[in-house]
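Enquirer: Fold the stuff below for me.
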Amino acid sequence: MLISAGNAHVVTALLIIVDQVSRSLAASQTPPSSPSDLHSGLRLHKLLHVEVNSHLSILGKVSDEPDSLTRTFLSPAHQKASKQIAAWMHEAGMHTWTDDVANVHGCIRGQNATAPALVIGSHYDTVKDAGQFDGALGILAGIAAVKALVIQTAMKAELLTNQQAESIAAGAASVLQLLNRADVDTLFSSPVEVVAFCDEEGLSFQTTLLGSRALAGSLLGPPNLLDSRNSDGLSVKQVLQQHGYNPAEDVVSNIALTPDQVKAYVEVHLEQGPVLEAADKPLGVVSAIAGQTRLSVSVTGTQGHAGTVPMAVRRDALAAAAEAINMIEQQCGGGGQLVGMIKTTPSGKQAAQSVWDPSLVCTVGAVSVWPGASNVIAGSTNFSVDIRQAHACPHKIKGCTGIIHISVCLFPNTERFKVGSLLANLSVCSLY
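Expert: Numbers count the residues shown, from 1 in each chain. From the prediction side, this is the model:
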């Protein structure tokens with residue numbers, strides 16, 4: 001279950017997790033507290049509101065850049081965040097370890113340590129100039145929920161006094177300072193694990209979901225994403241080795257959880273969009289997970305002088321890229337195209353609905369131009385394409401390499417840049 005939350009309703013989302021997890025994992029036969037009991041009390045407020053927001057603020061300052069939040073895979077800030085998250089997991093009473101792709105794990109083993117586990121988590125890398133809730137919220141929510149359940153269950157078992165529980169909630173003591181580990185592991189009937197995924201955004205290697213792919217068993221492909229390379233030409237495998245990890249294929253394959261090892265997966269994530277706010281809804285249960293494709297498009301033209309090359313014979317890579325980008329926008333339903341269909345054709349609304357999947361979103365977020373001078377016709381332009389859709393057709397994206405090359409040609413008396421045919425493969429490969 002994934003829960004999407006607006007800023008003001010994070011605590012509500014956490015309380016849903018606490019209530020549901022307690023019903024699932026309570027080791028004793030004592031009925032769990034009612035939601036109304038869970039929603040009240042200074043202790044839960046401290047754990048699920050004050051502590052989570054404090055930790056979000058702390059983690060939000062762990063950045064590779066001084067004036068904004070950027071935390072890329074295995075950067076100094078990423079490594080510092082990893083250690084801090086592990087420390088918070090330990091304070092909550094969990095066994096902690098970091099696997100060989102840099103995912104951080106925390107676990108309460110439960111009375112039956114081999115039973116299917118409830119897994120809670122999110123990612124601790126960020127995009128460039130990120131918000132502090134992205135990813136971090138799901139991790140810290142999970143830690144707080146586990147900590148709250150440990151305290152609640154330990155009090156029911158008379159292993160903690162009210163005063164000791166208040167001390168843990170206030171941050172004056174950790175769980176393992178007042179409880180021994182063996183007792184903590186018996187508080188739940190089965191395992192609960194919090195995972196901080198190392199890399200979702202793919203900023204360094206343009207390969208998304210490295211951490212969760214390792215847990216799902218799909219990291220080694222094909223294609224094998226350990227072979228993906230960053231702008232310095234280093235592979236994921238090489239960077240992991242440089243930082244002391246062992247990315248041997250047999251080691252990485254052992255990170256994966258099989259379906260019979262997982263009871264459920266729960267994640268709280270900030271919506272990062274306007275839909276819930278526009279609908280005046282505090283929370284939403286995610287109904288689908290979008291597949292994601294990233295493409296790198298290279299457009300090659302002919303570099304020339306801005307003052308002497310006639311317009312009719314130019315092979316301008318930037319102008320061609322602009323047309324390509326506009327076509328991508330239109331194919332994904334942007335640019336007012338669907339509004340126009342609805343207004344101008346008798347059955348426009350029906351036609352628009354037949355071609356438009358609201359889950360399909362396409363973004364060109366990075367463009368580079370060579371030579372990038374105001375008085376020079378661009379000889380080459382590269383741009384990225386990020387495509388996401390909840391209902392992709394696997395047979396239509398078979399053979400997609402992720403790299404598309406376009407040569408700008410002249411077509412007298414027709415289109416100067418035959419972008420439509422040049423992008424036909426892009427449409428088949430990724431959009432539908």
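Enquirer: what residues are up against I139?
Expert: Counting by C-beta atoms under 8 Å, 6 or more residues apart in numbering, I139 touches 85, 121-124, 194, 196. All C-beta atoms are positioned from the backbone trio N, CA, C, and that covers glycine.
Enquirer: Strands - which of those residues land there?
Expert: For the contacts of I139, membership in strands holds for 121-123, 194, 196, with DSSP state E as the criterion.
Enquirer: Identify, from those residues, the entry nearest to A320.
Expert: Of all the ones in strands among the contacts of I139, H123 has the smallest distance to A320: 35.7 Å, by C-beta to C-beta.
Enquirer: State the distance from the closest residue to A117 other than its chain neighbours to E65.
Expert: Nearest residue to A117, sequence neighbours excluded (C-beta to C-beta, 6 or more residues apart in numbering): P191, at 3.8 Å. Distance, P191 to E65, by C-beta to C-beta, to the nearest Å: 37 Å.
Enquirer: which one of those two has more residues nearby?
Expert: P191 (24 against 12; other C-beta atoms under 10 Å).
Enquirer: any idea of the pLDDT on that one?
Expert: At P191, the model reports a pLDDT of 93.
Enquirer: isn't it right up against L118?
Expert: Yes: at 7.3 Å, P191 counts as touching L118 under the criterion of C-beta atoms under 8 Å.
Enquirer: Point out where the stretch 1-150 of the chain drops to low pLDDT.
Expert: Across the stretch 1-150 of the chain, the ranges flagged by pLDDT under 70 are 1-41.
Enquirer: Tell me which stretches of the stretch 51-200 of the chain form helices.
Expert: 52-60, 76-91, 136-156, 162-169, 175-178, 181-185 (DSSP state H, counting those that start in this stretch).
Enquirer: Show me the contact partners of the first one.
Expert: For helix 52-60, the external contacting residues (C-beta under 8 Å, 6+ apart) are 10, 14, 69, 81, 84-85, 88, 124, 132-133, 136-137, 140-141, 143-144.
Enquirer: who's V369 bridged to?
Expert: Note on V369: beta-bridge partners by DSSP bridges are T381.
Enquirer: next one: G121
Expert: Under the criterion DSSP bridges, G121 forms beta bridges with V195.
Enquirer: Now for it: which residues touch it?
Expert: With the criterion set at C-beta under 8 Å, 6+ apart, G121 makes contact with 138-139, 142, 193-197, 265, 267.
Enquirer: Let me have the contacts of I139 in a markdown table, extended by distance to A102.
Expert: A markdown table is the format used below for the contacts of I139 (distance: C-beta to C-beta, whole Å):
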| residue | distance to A102 |
| --- | --- |
| I85 | 11 |
| G121 | 14 |
| S122 | 15 |
| H123 | 11 |
| Y124 | 9 |
| V194 | 15 |
| A196 | 9 |
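Enquirer: which two in those residues are spaced the farthest apart?
Expert: H123 and V194 (12.4 Å).
Enquirer: Please identify which of these two sits among more neighbours.
Expert: Per other C-beta under 10 Å, whichever of H123 and V194 has more neighbours is V194, with 30 against 26.
Enquirer: my guess is that one contacts W88, does it?
Expert: No: between V194 and W88 there is no contact under C-beta under 8 Å: 9.5 Å.
Enquirer: got any residues that touch both of these two?
Expert: Jointly contacting V194 and W88 under the rule C-beta under 8 Å, 6+ apart are I143.
Enquirer: Strands along the protein, start to end?
Expert: Using DSSP E, strands in the chain cover 2-5, 95-98, 104-108, 117-123, 192-197, 262-270, 283-285, 291-300, 304-305, 361-363, 367-370, 376-377, 380-389, 403-407.
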